[in-house]
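# please work out how this folds:
(2 chains)
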Amino acid sequence: MIRLLKCEYLKTRRRYLLLTVIAAMTVYFIWTFHGSYNAEGIRHGWALFLYQQPVVNTIFMPFFCIIIASRLSAIEHRGAMLKQLCTMTDKGRLYDAKLIYGMFLMSFCVAVSWIGAVLFGMYKGYSGVFPLGLYGLYFIYTLLTVLEIYTLQHFLAIISKNQSVGFFVGITGEFAGLFSLFLPNIEWLRKLVPYGHFGQLDFIGMYGWTKTEHMRNVYFKLMDTENFVFVVALLILIFYITGRYIFVRKEV
Amino acid sequence: MFLRLLNAERLKLKRSPLWLAFVIMPVIPAVLGTLNYMYNIEILTKQWLSLWTQHTLFTCYFFLPVLIGIYCAYIMNIENGNWNKVLTMPSSRTSVFMAKLTITGVMIFISEVWIALLFALSGRIAGLTAPMPVGRMAVWCVFGTMGGIVIAGVQLLLSSFIRSFALPVAVSLCGGISALGFISKDMGNIWIYSLMSYGMNSNSPEQLDERGYALFIIVCMAYIVVIAAVNSFIFSRRDF
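Numbers count the residues shown, from 1 in each chain, chains lettered A, B, ... in the order given. Next up is the predicted model:
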């Protein structure tokens, strides 16, 4: 497996994959941190970030997954490399190696976004003590959702030679997931669409916001999302097992 | 000859599932945007105009630019390994590019009409009592198509240079996001990637009406001419 992972690294060398990730993260940071922060924003900074970020993650993270999964699989589809590779190594192991390598890149994205958020909060001087426990939870939830989406996108990208298929499914799912965040009355939709699970795992609720008073009387409350984490973990497993099974049995 | 090129492009896309996305995707904002409108009817008081923003806001900034990016990447990618044959045809390189741009423009226009049809249907289902702004809808669709063609021109150019499928699409997403910034700075009518959302009036349905239509048309036309000229210059000097 180590050798296969090294092969994946060599195949993507000088393909600007890391540069793509960095460029994408730059856009992510500009979006996240752009804007003026008033006194109320600074006072509630740490909690407000946790409350708002799932929407930003729903816009950006699935897209990063789509791009990275497509880039890693397109290398093999172009020039029918899968035919050669499958004569040299087990198909299942190849599927795993690509998945692990892509997951590593996505985990890097999530870690960078987390570190960026913490550093930005410190730079801006958010009030109160940094809530390490809550941010730790946020990191785990974001990472799990990202890995869930990546596992699905990896399957779509490697199974279909036409990369537009993965893109269309991903973009359509992302669109539905994004809309589901604005429809709290239809909770089943948010649960149903994996791309909207960032919102489903949003464990902080904001209360007391009014049109006239804005954030003056705002307070935050923790919400119970623990059970859904297991659903996300189970979905990762289901996507992985199903995807691997289909890929192994498919003629390349 | 140009009509033959168009027909060839049409044939290349035959049985490709690509058009399905243009049909399926607008259904999502139509259904969910209408639901959102109905849940927030006391805040969204401008009837058809409020419903229009619900249908088009995310569509114009994120999803239509990305869809156009995917579409352009696809129709350029199918020529990879085929460019030598394409360019030996008795037609200019500019014509080949313009045929691809035209077929993309047709696709964008069809999806705009589809968005308008879904909008009309959603308005009826939501029980809107005000008369439907048919004239305005036609303008939004035509101008949205014009803005979309400008984006498509840039994306086609990018996709012809970048062999990767994913990278030009990523650029289109960044472009769509940058449109938000330009529109908020009141420069939506000059930035390439904001032209479509500006033309479709997705942010504020009165915006384009107040500014007048002439400037928008001139800007779009100028961009299309410049993109065609740049493409012609680059294609004529490039080996594939």
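
# can you tell me which residues in chain A are near chain B?
Residues of chain A lying near chain B by CB under 8 Å from any CB of the partner chain: A:20, A:23-24, A:27, A:31, A:34, A:59, A:63, A:66-67, A:70-71, A:74, A:162-165, A:167-168, A:171-172, A:175-176, A:178-180, A:182-183, A:185-186, A:189. Backbone N, C-alpha and C define where each C-beta goes, glycine included.

# tell me how many other residues surround the residue in the stretch 101-250 of chain A positioned nearest to chain B.
Chain B sits closest to residue A:179 of the stretch 101-250 of chain A, with a gap of 3.8 Å, by CB to the nearest CB. Residue A:179: 24 surrounding residues under other CB atoms under 10 Å in any protein chain shown.

# returning to that earlier point: which among the residues of chain A next to chain B count as buried?
Among the residues of chain A next to chain B, those scoring as buried are A:20, A:24, A:27, A:59, A:63, A:66-67, A:70-71, A:74, A:162-165, A:167-168, A:171-172, A:175-176, A:178-180, A:182-183, A:186, A:189 (criterion: 16 or more other CB atoms under 10 Å in any protein chain shown).

# out of the residues of chain A next to chain B, which are inside helices?
Residues of these located in helices (DSSP state H): A:20, A:23-24, A:27, A:31, A:59, A:63, A:66-67, A:70-71, A:74, A:163-165, A:167-168, A:171-172, A:175-176, A:178-180, A:189.

# identify the residues contacting the residue nearest the centre of chain B.
With distances taken as CA atoms, centre = their mean, residue B:148 lies nearest the centre of chain B, 2.8 Å away. By CB atoms under 8 Å, 6 or more residues apart in numbering or on different chains, residue B:148 lies in contact with B:64, B:68, B:105, B:108, B:112, B:196.

# give the contact list for the third one.
Contact criterion CB under 8 Å, 6+ apart gives B:145, B:148, B:149, B:152 as the residues in contact with residue B:105.

# so the third one sits against residue B:104, correct?
If I follow you right, that is residue B:149. Yes. Using CB atoms under 8 Å, residue B:149 is in contact with residue B:104, at 7.2 Å.

# close to chain A: what parts of chain B are there?
Chain B has residues B:17-18, B:20-21, B:24-25, B:28-29, B:32-33, B:35-36, B:39, B:58, B:62-63, B:66-67, B:70, B:73-74, B:77, B:164-167, B:169-170, B:173-174, B:177, B:181 near chain A, with proximity defined as CB under 8 Å from any CB.

# rerun at 6 Å
For chain B, the residues in contact with chain A (CB under 6 Å from any CB of the partner chain) are B:21, B:25, B:28, B:32, B:35-36, B:63, B:66, B:70, B:74, B:165-166, B:170, B:173-174.

# which one of the contacts of residue B:105 has the most neighbours?
Counting neighbours by other CB under 10 Å, residue B:152 leads those with 30 neighbours.

# the residue nearest to it when sequence neighbours are not counted: how many residues sit nearby?
Using CB to CB, 6 or more residues apart in numbering or on different chains and skipping the chain neighbours, the partner closest in space to residue B:152 is residue B:104 (4.3 Å). By the criterion of other CB under 10 Å, residue B:104 has 22 neighbours.

# tell me how far residue B:104 lies from chain A.
Between residue B:104 and chain A the computed distance is 14 Å (CB to the nearest CB, to the nearest Å).

# what helix or strand is that residue on?
Element membership for residue B:104, per DSSP states H and E: helix B:93-126.

# for chain B, name the helix or strand with the lowest mean pLDDT.
Lowest by mean pLDDT, DSSP states H and E among the helices and strands of chain B is helix B:207-211, with a mean of 61.
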